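1. need a 3D model of the sequence below.
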Amino acid sequence: MTPARVRLLACMMLGAGIAGAGAQTVLAPGFDALLHTHRLLSSGDRGQGVRVGVISNGASFYTTLVRQRILPTVMFYGGDASHGDEGDWMLQIVHRIAPGARLAFCPGGPSGRTVACARDLVRQFHADVVVDDTNPQPVYAFPDDKDIGYTRLSREHPDVLFFTGAGNNGGGYYEGRWTPTALMLHDVRYDAQDFGASMGRPGDPYERVTAPPGAGVSVELGTNADPNDPPRCSASNPEVTLALVAGADEVLRSVHGRCPVLSLSDPHPPRDAGSLSILVLLPPGRRLANLRLKLVAIHRGSEGVTPLPLQYWTRGGAGNSATMPHLIAVAAVDPNTGWHERYLYEPFANSGPQCMQYLHAGTRWTALPAPRCYRQPAFVVPDGMPVVMPGTGEERYAPFSGDSSAGPAAAGVAALLLSAHVPATRIIRLLERTAIPQGDAPGWDPHYGYGLLDADAAAAQAGALPPVRRDPPVTGIIPLFHRTAAFLEDQQLAQQARQGDRAALRQLRNAAQAGHADAEAWFARYAHDIGNEALAARWALLAADRGEPEAQDLLGSLYNRGWGVPRDLRAAQAWWWRAACAGLPAAMYNMGITLTDGHSGPANLEVAYALMRAAYLRGLRFPAMVRVMALARLRMTFGQIGAAERLAPRFASNPGSIPAP
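-> You can find the predicted model right below:
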């Protein structure tokens, strides 16, 4: 059974609301396939004899989960664990991957508290694996007490493996020196911060950010800041202008002051959604010694704030608790985008390398001449694993997303390998060597690390299992689509079935059940047309996983609307992209539409318009299409329109050149 088929089975079981101990048996194959643990489990290596410690905010529903036979007996350390429930979910993931492992939990928190938890789990529980989920927001001054504590623990206990999530911050913080460049804005000359040159890149005074529609934007600027001084804003700072810009020069909001704060807290109009730019301006002749910029998005109705990605840190964050060589950081990928062992990274997951700007020397922080970076994340794991969440009202299985799900999954894999007598000192290197690459080039990748964990391959390379044969990797680009006679025949059967022809429906269903991809795709389309979205999703996923472009296009639409599957805009883009690369005009158009609004990632008007124009060149025509393309042009500069017009013929004639979302 392919991974995609297993994931669909899991979704079906979730929709049916299966809970309790029996659901573990039904859903376990999904874990086997996604983490490649089937051969280890079949050989009897289930984590027995291994101790795994979990650190998170709390495990307040532990008693309920034990009573429902979802969790085994867990040892508790560190006092009151009733102030959160993510620990409940993390424990479930470790237990279901490595059901023979013994578990312990400790409620973490600030750096000192978390280090104390890790120390208790290692020294009192004698943990072989510790997974820590207390990632703070990214910080500038690093390492902190947590890094110092983990460094000491890892030296004292070299056989213990320490895992963490890479973080869900998705970037969002800038720190760098003041590098001025001349900028003309509405015929006035300014000295602007050169964000590009300050980091050794081509000069660029605009720091870009993608704001989702309906989200407010808050930008805070601190100048001449020293991490040793508690005040964020010094009275000696010169006054600067902070501006939020749409397009090249449309100033949406600006503020002037020593440490200005700029907010667009109300939902901005559609024309302002998507790509925005930040400018930091000084009157000519003034200088700044240092610049620190923090950007967050404030979502209406949420209790907190969520960082927005800044282009400066698209290859890493200014630092968080994963920025240390002693914690193995694991990032999340979207399981709904999987095709032949390739997945899209989750947009909220921190990318790498993880960098730090300061070193701790005695009681003070010392700025480094250049950021010190580590290759984190190390690996990726599909998130969205089903767990029971009593505290959220989810008494039955629901997906647990985020890097908080990826970390314990990696810890469970390590427990299986330890129970197969693979030495702890070899496990990380073995996982690096056998991980399934996800990026465009071999080796470590900023978003995917060394790739997707493959527990069975790591065990085989260690000699704990017979050698495993891995199929050659399949790239995301598929051959150009040609409609065969069988395809056209199945299309006609689907049309006749929609008109009530029972014989045609029976013939189409029989062909689909016999495993013909064309028939699977058209049976899925028939099910969609009659409103049976769950049936449509089931058959579309089967055909899409086998590379059938019509099914991939339909599956993209189902994920985009949440019909028959959980709504997942990134998955929609991934499946549309595969169909577009095969030359399907409808998929090109659908992909272009969603790229204009930034719902599934950064908005890109040039590529979006080029895709819609390419669909037009390949013969797609309908009245609303002209209006949509005209509205897109109104949001573009003449330069962007020209670039898109040059891209469109290339996309139309060579769909394989369409960039991945």
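
2. all contacts plus neighbour counts: C-alpha atoms, from now on.
-> Will do.

3. pull the CA atoms of stretch 185-192 into CSV?
-> Taking C-alpha atoms only, stretch 185-192 is exported to CSV below (Å, rounded to 0.1, in the frame of the first residue of the first chain):
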residue,chain,number,x,y,z
LEU,A,185,10.6,58.2,-2.4
HIS,A,186,8.0,60.6,-3.9
ASP,A,187,10.8,62.9,-5.1
VAL,A,188,12.4,63.1,-1.6
ARG,A,189,15.9,61.7,-1.0
TYR,A,190,16.5,59.5,2.1
ASP,A,191,19.2,57.4,3.5
ALA,A,192,17.5,54.0,3.8
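
4. residues contacting that stretch, please?
-> With contact meaning C-alpha atoms under 8 Å, 6 or more residues apart in numbering, stretch 185-192 is reached by 179-184, 205, 249, 279-285.

5. return the member of those nearest to Ala441.
-> Pro205 (30.5 Å; C-alpha to C-alpha).

6. selecting buried members of the contacts of stretch 185-192 in ChimeraX, what would you type?
-> In ChimeraX, a selection of the buried entries from the contacts of stretch 185-192 looks like this (16 or more other C-alpha atoms under 10 Å):
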select :179,180,181,183,205,279,280,281,282
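
7. what is the neighbour count of the nearest residue to Leu281 once chain neighbours are set aside?
-> Using C-alpha to C-alpha, 6 or more residues apart in numbering and skipping the chain neighbours, the partner closest in space to Leu281 is Ala192 (4.5 Å). Ala192 sits with 25 neighbouring residues when counted by other C-alpha atoms under 10 Å.

8. which regions of the stretch 351-500 of the chain sit below the pLDDT cut-off?
-> Low-confidence segments of the stretch 351-500 of the chain (pLDDT under 70): 355-368, 370-371, 393-395, 470-480.

9. likewise for the stretch 501-650 of the chain?
-> 597-603.

10. so where do the helices sit in the stretch 101-250 of the chain?
-> Ranges of helices in the stretch 101-250 of the chain, per DSSP state H, counting those that start in this stretch, are 111-123, 145-156.

11. distance of Leu535 from Pro335?
-> Distance, Leu535 to Pro335, using C-alpha to C-alpha, to the nearest Å: 20 Å.

12. who has more neighbours, the two?
-> Pro335 (24 against 16).

13. that one belongs to a strand?
-> Yes. Under DSSP: H, G, I helix; E, B strand; the rest coil, Pro335 sits within a strand.

14. wait, it sits on Pro399?
-> No. Look at Pro335 against Pro399 with C-alpha atoms under 8 Å: they stay out of range, at 10.8 Å.

15. need the overlap of contacts for these two.
-> Listed as contacting both Pro335 and Pro399 by C-alpha under 8 Å, 6+ apart are Asp383, Gly384.

16. looking at the contacts of stretch 185-192, which are in strands?
-> Among those, DSSP state E puts Pro180, Thr181, Ala182, Leu183, Met184, Leu279, Val280, Leu281, Leu282 in strands.

17. would you map the helices across the stretch 551-661 of the chain?
-> Taking DSSP H, counting those that start in this stretch to define them, one finds helices in the stretch 551-661 of the chain at 569-581, 585-597, 605-617, 623-634, 638-653.

18. which one of these lies nearest to Ala235?
-> Nearest to Ala235 among the helices of the stretch 551-661 of the chain is helix 585-597 (40.9 Å), distances taken as C-alpha to C-alpha.

19. helices or strands next to that closest one in the packing?
-> Packing partners of helix 585-597 (3 or more C-alpha pairs under 8 Å, 6 or more residues apart in numbering; DSSP states H and E): helix 569-581, helix 605-617.

20. great, nothing more from me.
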